[in-house]
Each structure stands twice: as structure tokens, then as C-alpha cells.
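J.: have a look at this fold, sequence not included:
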């Protein structure tokens, strides 16, 4: 799965990092460009996604699936996939549409990612 994600990252111009988390924002897997390791270490934007997604779902328009945020130095696309959350971090001038189509390509590994998130959650609960 990690090689597949790294290949997607390497072949998507402007994409800096792909981070997979559980619904609580705990990082399960990540891949990043060689010169952007510190970017994937910052999780403040990831931790806020669950809360923002939950609040936006209260607008009466249905369940929120994706949030796109643009910052001075990055753009962050966060996708809610049930127990799995995908976070794509790109350059501010990156092609947001291209980044969002990665969702379809990542569907092929979604069952494995869901299984991994569930496994990590069970391990974490066992430690508590």
C-alpha cells in the first residue's frame, strides 16, 4: 500500500504528502516528498478536520465528504472515507482537481487501509 501511495505521490506534480489517519486524526500511514518530511509531521490541520467535518454536516446538506483549504504555502484536501481519512497536502499552485481525482485511484487500496485503521484502533484500545 505504501509503495502504491508513494507512486501516486511521485507522479502527481505539486503534491507534497499523502497522510492516512483514523477518524480521531491518528496517523496510520504517510508518504511525502523527500524535501518535505517536516510538513507531514505537523498534524494540526489534520486534527481539525474531524471537528470541521462534523460541524459542517450540521448544515442540513448531508454528510460532509471533503474539505479543501488553501494557505499561503500549502493546500490541504481532506477526505472522509468512514473510519479512514485521507489528507493530501500540495503546493498552493498545485492542480486541486488533479489532487481530488486521486480519490478514485486510492479506492483500490481502501479496503486494506480500512482494515489497517481498524487493527490500529483495536491495538490502541487494548493499551488503554
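T.: Good, I have the coordinates. Note that the coordinates shown come from a computational prediction; the quantities given were computed from them, not determined experimentally.
J.: helices or strands up against the longest helix along the chain?
T.: Longest helix of the chain, by residue count under DSSP state H: helix 110-127. Packing partners of helix 110-127 (3 or more CB pairs under 8 Å, 6 or more residues apart in numbering; DSSP states H and E): strand 15-21, strand 27-32, strand 75-81, strand 84-90. (C-beta placed from N, C-alpha, C; glycine too.)
J.: mean pLDDT, mean neighbour count and distance to residue 6 added to those strands, as a markdown table?
T.: Listed next are these as a markdown table, based on pLDDT from 0 to 100; neighbours: other CB atoms under 10 Å; distance: least, CB to CB, whole Å:
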| stretch | mean pLDDT | mean neighbour count | distance to residue 6 |
| --- | --- | --- | --- |
| strand 15-21 | 92 | 23 | 8 |
| strand 27-32 | 89 | 18 | 5 |
| strand 75-81 | 91 | 21 | 18 |
| strand 84-90 | 92 | 24 | 14 |
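J.: which of these sits closest to residue 115?
T.: Each of those has some distance to residue 115 by CB to CB; the shortest is strand 84-90, at 9.8 Å.
J.: just the angle between that closest one and strand 15-21, please?
T.: Counting by axes from the mean of the first three to the mean of the last three CA atoms, to 10 degrees, strand 84-90 lies at 160 degrees to strand 15-21.
J.: circling back: I'd like the helices and strands packed on helix 110-127 as JSON lines, with distance to residue 114 appended.
T.: Output for the helices and strands packed on helix 110-127, formatted as JSON lines (distance: least, CB to CB, whole Å):
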{"stretch": "strand 15-21", "distance to residue 114": "10"}
{"stretch": "strand 27-32", "distance to residue 114": "10"}
{"stretch": "strand 75-81", "distance to residue 114": "8"}
{"stretch": "strand 84-90", "distance to residue 114": "5"}
